[in-house]
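A.B. asks: Pasting the sequence and the predicted coordinates here, then a few questions.
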Amino acid sequence: MIDEIAARFPYWATAVLLVVGLYGMMGKRSLVKQVIGLSIFQSAIILFFISGSLLEGATIPILYSVHGEGHANPDDFVNPLPHVLMLTAIVVGVAITGVALSFLVSIYREFGTLDERELLDEVRG
Amino acid sequence: MDPQPQLPVFIVGAPLLFAVVVPVLGRVWRHSAFLIALATVAVAAVASALSLELVLRQGAFSYYLGGWAPPVGIEYVIDEVSALVSLVITSVSFLVLISTRRWAEREAGDRPGIFYGLVLLLLAGLTGIVVTGGLFNLFVFLEIASLAAYALVFIGGRKAMLAGFRYLIIGSIGGAFYLLGVGFVYFATGTLNMIEARELLEVTENARAAQVGAVFIFAGLGLKMALVPMHLWLPDAYEHAPSSVNSLIAPVMTKVAAYAMLRMFLSVFPAGFLSGSVPVADALLILGLIGIVFGSIAAAGQTDIRRMLAYSSISQLAFIAVGIGLGTPLALAAALLHIVNHAAMKATLFLAASSIRLRVGLQRTHNLTGLGPRMPLTMGAFAIGSVAMVGIPPTAGFFSKWYMVQAGLDEGQWIVVAVVLLSSLLTAVYLFKVLEQAYLRPAKPEPSAHHDAEQGGSADAAARPSEQAMRPVVERAREAPFDVWLPLVLLAAATVGLGIANVVIMEHVLLPGVS
Amino acid sequence: MNERYDSVILHFIARVFLVPLIIVFGIYVLLHGELSPGGGFQAGAIVAAALLLVRLTLGNRQGALRIPQGLLIWLACIGLGVYMFGGILPLILGDNFLDYARIPVEWYNQFAGEPRTARSMGIFIIEVGVFFGVVAVLVLIYDLLAGSSRQ
Amino acid sequence: MSDTFASGLPLAAVLVPVGAAALASLTTGRWPNLRDAWATLAGIAMVAITVVLLVETLDDRIHRTVLLDLALGIDSPNITIALRADPAGMMFGVLVSVLWVLAGIYAVGYMRGEHEQKQTRFFTAFALSIAAAAGVALAENLLTFVLFYELLSLFTYPLVTHRETESALVAGRKYLAYTLSGGVMLIGAAAWLHVLGVDATFRAGGFLDGAGLDSVTQWVLFGLLAGGVGVKAAVMPLHSWLPSAMVAPTPVSALLHAVAVVKAGVFGMVRVGVFVFGASVLDDMGAWLVLAVMSAATLLIGSTLALRHDNLKRRLAYSTISHLSYIVLGVALIGPLALTGALLHIVGHGVTKITLFFVAGAIHVKTHKENVSELDGIGRQMPITMGAFALASLSMVGIPPFILFTSKWYLGWGAVEVGQEPFLIVYLVSGMLSAAYLFPIIIRAFARRSPDHTRFGEADIRMVAPIAVTAVLALVWGVAPDLPLGFFELASTVAADAFPPSVALAGGTP
Amino acid sequence: MRVLMFEFLAALIALLIWASADLPDRADPLAPANQHLSPELTELTESEVVIPNLVSAILADFRSYDTLGETFVIFTAGLAVLLVLQVSRRVPEESPDE
Amino acid sequence: MIWWLELALFGLLVVTALIALSVRDMIAAVATLSVYSFLAAVLLALMGAVDVALTEAALGAGVTGVLLIGAISVVERRTPD
């Protein structure tokens, strides 16, 4: 039981975070909250990837052998590839957040509210 | 390693490079932005055409970015399909781009550099998606294209703002779902290269995880391609987007997402992989069938031309999804053919709609009365596009339907055949409605129609609709200016030309490409 | 929030002490990116965070490391241009796009203490590009967002 | 056996009207005489081409143009788009080209006389429709046929809606809905046949003969194909677009009802019955009976309905519906004589009905009268016109020596030949009904005195001449069906090909 | 609508947890992701790129094209914000009748 | 083994995420989101992804938070939900 939890909890936890973020995007009326939800949603995916890169008994991916002696054993390092991917994903996330916020500001200037329901009324009415 | 042909770099690299140049140069010399953008897209189109020619001569080839062979590095996969689709995207964009200058001056204010920079980034993202052979790389370029598209849609005015924000949220969910799916596939196989992933997926022990990955990938791309029931962002976004952007995004954006989905079928997931415990293919087929009917019926109920065309896009994309869902080589080829055809047809229709908007300012179908003779080229192109959409023989739309029907018959999927055939009738219903208004209704005075006067109306103040004199707007309407009708005529000609060339494309490009 | 936090101490700490420190750290991260954790992104993010912090604490008053918008756009484009240069240079030398294997490094190794390989040179070039791009764009976004309330 | 060789002539026959359309639309209304001359010149060119082809065909030399031949690397047959001047096709092709010249000249007179709007569009669409009809006639296989068949629907749509009134628009929508649905059914059938691996090249005796399909498939295919062409052939209950389409200008009605559209439908029925299924398959399936009963019902109901209509054009429309079913019934009876009769009836009805419509149009231009009840005494004022009407009516009823007597004779004889005497009675009854709805008009026109004292003269020469020519043709072809164009020989060739002596005669013959 | 959303979210979480049962264990050395590419990358970094930071080597060399794309994402965001907040603001609202 | 530490951090993440989504004061929500990002950065560092942690701390906790605050300073602070 404990083993199962130990082996699986990162996936479960990221699943929960994912759903929480998605709830924020779909269920909240405030557009700001939707952006916050988007942020949470993206970080859940980042955590999902990174927790998959773990390796028993491994350390951070810096090869001390390069300017020193000996050869590096790949098993000594956590898998660096997901890290690279997630660096990219974080940056993408920030970019999207930035654009979303600029949308928010622009919408607020135009409509004076960020409540989705009021906005919809405004547009349709 | 033999030196590789450097051609493919220009397809994506040229728009990227000049996207950097345009914003700064555009500040110095305003008109340079448009010219540079146009030239850049032309370069990309030429590079695509040469790549296609090379593929046809020598067969598919890869291009290793950074000189690292996959799976370590990232590769471009230039085969018949990707070369053709990138050629179509770049050339359709080129034609549409010619016409955007007129709107960009108004809609992008005094900073055309920024606007054209984003347009180039949009195109770079789209072509990047098309040629890439990496799963994660596809995500990155998908986001470039999407971000540019969000912003371009957003500047269309009051209503476009909300539509743009909705588009952003839903699009981001789509992107994130795709990324999650890639994560699942990556953890099940350990690779990010499409072709290698296919090999590894055939022997994977983590099939269930990979299948769920497939579900997420398809959900993500489905959101981007507005597959029913994930289409909610599309009608608003297409209706309210600025004219210049509309005809640019509508023909290519969703098509590229559809292409990406097809790519997943062709090069990532092995045959049979998607019909196991998680029947993605069947789901796609069913959603596609629902979407065809739903989109057409919804389109018939619209009074705004662009909204009608947007729903029509939903229907046509669902058609592509049906092809993917069937999954046979013929069906996939038919879906690809429809991607190509539909890009040309929708570009024609949306550009015609923009042209009407430019001269008349009205978008309601019932206000186009008598417009046919006044804007002969515009409405002629619209008519040709409509006929092609309905699928009357020599035009482009007929052949994709023909092949799809055959594929459905091959598989014994009668319902597919019935729905595909029915869809052309439904398409006729809403498109001929417009043509009837434009050509066959005698112009008669109508009272006020102030609700039609949307923002972003006509360019010249004389043709702007006003409450007391709406009717004379149509009566005074002139043919669109040269730089609008020229691309329009070329696109319409391309629609017919594609119809004639369709079978050749099918024989030499698509069928070898999918098998 | 632009006036409330306007205290001398905060001003001093932020402007004279904290921010230069963060920026120095950021540049360290950039230059050391190949050896220890870090690189263009991280450095760019850190420096941008520092610059944004200044703006946040001091409001958008004059002198708060205000950078003209035109310059930011130039900077971003130059950053991206440097990156593209790092990609196109190998193309001119006859290799694939972004293939650093034959980037000339002798000129650098002549007077550098620690020799670089061609590849690490290429990595350095694009890290610099990324750094400028990220800093410029993030600052630009903030300036536009926060500045939009005051026309 | 005839030999087939590649030639550009069939394509030329299709392209000539396309060229005329292009020239007409480029000339525009600024030079109306030049614009209208194109159609006549092109019509004469087309007649020349078709006559050459006809002579060649009669010499057993079949011209063929392949537009596209495509192997898709999939285990179904090649996709071929080809035109071929075979005997059956030539009958329709020659008819179309000859009547186009006449209808073209007539249309000039009519359109100018009525001061119709948008004449350029009219003439362009008219020429394009002819091109599509020629394509239908010369199509070598089912796919090519479907292609041109769809185009025909599209090009005739602007003609139906030409007047742009509310009722014209409604009629146009109805027309489009019916014909596009029919086209869709045909596409479905064509695609299915392609997938089944059947080579869908038209072959006398039926390409499905020996294809080894099971009977359910055959029935479904039969439903799709017969339904698809049945729409244009206005077989009840698919006929209702036709009377509505009468709102169009009269040359259009003439074109629709005599030449292009409905004839394409019945010609399609010939193709489906004889060249797709063939006698033995239809007989085995029993499908002929369904077709025969439906067409017989249409025949009688159509004639009866024609009686009830006072509007001249509507009366003629219902007459058309009934006469089209003559042909469909002739196909359904699957005998060589019935088929000969059916083919002759296509030609005969073409020239006869076009005369009647021409006359209706001429009367309308001159007097603006549309109803039968208003035609008292018109015969004395427009003697040539109404004389032609009388001749055509005689032909319609089937009085010797007119052309329709010949065809009806063969049809009736065919019914007897296959032992289906009840259908002979149907033919006879319908002939009497024809007399009942046509003769009163003649009597009114000649025997009664005009109620008002306005005097009308003959219509424009451009209208009277075609009327006279077609009426004379109806007579000449009746006297000598083989002169000058050899229709009888063509029809009997087709019949002989379709029913070689080895094939047992169908239709329940013992 | 809300009920539908919660059902969807519940289904999503169930799907994710169901799928996770088939994913490699946490920190499993035998996971495909750890077995397949990682050793090759380490080796190539040591022999070809010769810098200690594996992540930097992958980021800026092996997958530098991804990084290029990523930088362009940021750049796109910058242009997008400029367009939205600066350019579009200057366009007059064109709805004469509203 | 430190997996329980990760587990605890994950738990905290979920809690902060929920708080960030449910508080009605925008500044508070953004502050909580910054805390969330910071915790995520710690977790990432714990899992050996130092580079990612650095970036997440700077971008996620720093820049995103500042951007959000910058945007909120322009719009209203209270939210409907």
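C.D. replies: Sure, I can see it.

A.B. asks: Counting by contacts, list what the strand or helix carrying residue D:444 packs against.
C.D. replies: Here residue D:444, judged by DSSP states H and E, is contained in helix D:421-447. With contacts taken as 3 or more Cβ pairs under 8 Å, 6 or more residues apart in numbering or on different chains; DSSP states H and E, helix D:421-447 sits against helix D:287-308, helix D:312-332, helix D:378-381, helix D:383-397, helix D:403-417. C-beta coordinates here come from the backbone N, C-alpha and C atoms, glycine included.

A.B. asks: Flag every buried residue along the last one.
C.D. replies: For helix D:403-417, the buried set under the neighbour-count rule, 16 or more other Cβ atoms under 10 Å in any protein chain shown, comprises D:403-412, D:414-415, D:417.

A.B. asks: Go through the helix holding residue D:444 and flag the buried ones.
C.D. replies: Those would be D:423-424, D:426-427, D:430-431, D:433-435, D:437-438, D:441-442, D:444-446, for helix D:421-447 by 16+ other Cβ under 10 Å.

A.B. asks: same deal with stretch E:24-38?
C.D. replies: Result for stretch E:24-38 [16+ other Cβ under 10 Å]: buried residues E:24-28, E:31-38.

A.B. asks: For the chain, give me the ranges with low pLDDT.
C.D. replies: Just so you know, I chose chain A. Residue ranges of chain A with pLDDT under 70: A:65-70, A:125.

A.B. asks: right idea, wrong chain: chain E
C.D. replies: Judged by pLDDT under 70, chain E has its weakly predicted residues at E:87-98.

A.B. asks: Determine the three-state secondary structure at the closest residue to residue B:510 other than its chain neighbours.
C.D. replies: Using Cβ to Cβ, 6 or more residues apart in numbering or on different chains and skipping residues adjacent in sequence, the residue nearest residue B:510 is residue B:333, 4.2 Å away. Three-state call for residue B:333 (DSSP: H, G, I helix; E, B strand; the rest coil): helix.

A.B. asks: Any idea how many residues pack against residue B:333?
C.D. replies: Using other Cβ atoms under 10 Å in any protein chain shown, residue B:333 has 28 other residues around it.

A.B. asks: Isn't it up against residue B:509?
C.D. replies: No - Residue B:333 is beyond contact range of residue B:509, at 9.0 Å (criterion: Cβ atoms under 8 Å).

A.B. asks: what's the residue lying closest to residue D:296 once chain neighbours are set aside in contact with, if anything?
C.D. replies: Counting by Cβ to Cβ, 6+ apart, residue D:296 lies nearest to residue D:426, which is 4.7 Å off, once chain neighbours are set aside. By Cβ atoms under 8 Å, 6 or more residues apart in numbering or on different chains, the contact list for residue D:426 reads D:296, D:299, D:300, D:329.

A.B. asks: how far away is residue D:426 from chain E?
C.D. replies: 62 Å (Cβ to the nearest Cβ, to the nearest Å).

A.B. asks: Tell me the spacing between that residue and chain B.
C.D. replies: From residue D:426 across to chain B, the span is 34 Å (Cβ to the nearest Cβ).

A.B. asks: what do you get for residue A:57?
C.D. replies: Using Cβ to the nearest Cβ, one gets 19 Å for the distance from residue A:57 to chain B.

A.B. asks: Helix or strand: which one has that residue?
C.D. replies: Using DSSP H and E, no helix or strand contains residue A:57.

A.B. asks: again with residue D:135
C.D. replies: Using DSSP H and E, residue D:135 falls in helix D:119-138.

A.B. asks: Who are the packing partners of that helix?
C.D. replies: helix D:9-27, helix D:32-58, strand D:79-84, helix D:87-114, helix D:142-160, helix D:261-270.

A.B. asks: Dump those to CSV, plus mean pLDDT, mean neighbour count and distance to residue B:202.
C.D. replies: Formatted as CSV, those follow (pLDDT from 0 to 100; neighbours: other Cβ atoms under 10 Å in any protein chain shown; distance: least, Cβ to Cβ, whole Å):
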stretch, mean pLDDT, mean neighbour count, distance to residue B:202
helix D:9-27, 84, 22, 51
helix D:32-58, 83, 20, 59
strand D:79-84, 83, 22, 34
helix D:87-114, 84, 26, 54
helix D:142-160, 87, 26, 39
helix D:261-270, 88, 29, 50
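
A.B. asks: who wins for proximity to chain B among those?
C.D. replies: In terms of Cβ to the nearest Cβ, the element of those nearest to chain B is helix D:142-160, at 4.0 Å.

A.B. asks: can you tell me which of the buried residues of stretch E:24-38 are up against chain B?
C.D. replies: With Cβ under 8 Å from any Cβ of the partner chain as the criterion, the buried residues of stretch E:24-38 include E:24, E:31, E:32, E:33, E:34, E:35, E:36, E:37 near chain B.

A.B. asks: what's the farthest-apart pair in the contacts of residue D:426?
C.D. replies: Taking Cβ to Cβ as the measure, those span a maximum distance of 10.8 Å, between D:300 and D:329.

A.B. asks: Do a quick rundown of the helices in chain F.
C.D. replies: Per DSSP state H, chain F carries helices over the ranges F:3-22, F:26-46, F:50-55, F:65-72.

A.B. asks: for chain A, longest helix please?
C.D. replies: Longest helix of chain A, by residue count under DSSP H: helix A:80-111.

A.B. asks: which parts of it are buried?
C.D. replies: In terms of neighbour count (16+ other Cβ under 10 Å), helix A:80-111 has its buried residues at A:80-108, A:110-111.

A.B. asks: same deal with stretch B:27-39?
C.D. replies: Within stretch B:27-39, the residues that count as buried by 16+ other Cβ under 10 Å are B:27, B:32, B:33, B:34, B:36, B:37, B:38.

A.B. asks: Throw the residues you listed into JSON lines and include pLDDT, thanks.
C.D. replies: What follows is the buried residues of stretch B:27-39, written out as JSON lines (pLDDT from 0 to 100):
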{"residue": "B:27", "pLDDT": "81"}
{"residue": "B:32", "pLDDT": "85"}
{"residue": "B:33", "pLDDT": "87"}
{"residue": "B:34", "pLDDT": "89"}
{"residue": "B:36", "pLDDT": "91"}
{"residue": "B:37", "pLDDT": "92"}
{"residue": "B:38", "pLDDT": "92"}
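
A.B. asks: contacts with chain C among those, please.
C.D. replies: Among the buried residues of stretch B:27-39, the residues lying close to chain C (Cβ under 8 Å from any Cβ) are residue B:27.

A.B. asks: Please identify which two of the buried residues of stretch B:27-39 are farthest apart in space.
C.D. replies: Largest pairwise distance in the buried residues of stretch B:27-39, by Cβ to Cβ, is 18.4 Å, between B:27 and B:38.

A.B. asks: does the residue nearest in space to the middle of chain A count as helix, strand or coil?
C.D. replies: The centroid of chain A falls nearest to residue A:43 when counting by Cα atoms, centre = their mean (1.6 Å). Three-state assignment for residue A:43 (three-state DSSP): helix.

A.B. asks: do you know how far the nearest residue to it once chain neighbours are set aside is from residue D:83?
C.D. replies: Closest residue to residue A:43 apart from its sequence neighbours, by Cβ to Cβ, 6+ apart: residue F:40 at 5.3 Å. Look at residue F:40 and residue D:83: by Cβ to Cβ, to the nearest Å, they are 71 Å apart.

A.B. asks: same thing with residue D:372?
C.D. replies: In this structure, residue D:372 and residue D:83 are 42 Å apart, going by Cβ to Cβ.

A.B. asks: ok, now residue D:50?
C.D. replies: Distance from residue D:50 to residue D:83, counting by Cβ to Cβ: 12 Å.

A.B. asks: what residues are shared contacts of those two?
C.D. replies: Listed as contacting both residue D:50 and residue D:83 by Cβ under 8 Å, 6+ apart are residue D:13.

A.B. asks: before we move on, back to that, name the residue in residue D:300 and residue D:329 with the higher neighbour count.
C.D. replies: Each of residue D:300 and residue D:329 has its neighbours counted (other Cβ under 10 Å); residue D:329 has more, 33 against 17.
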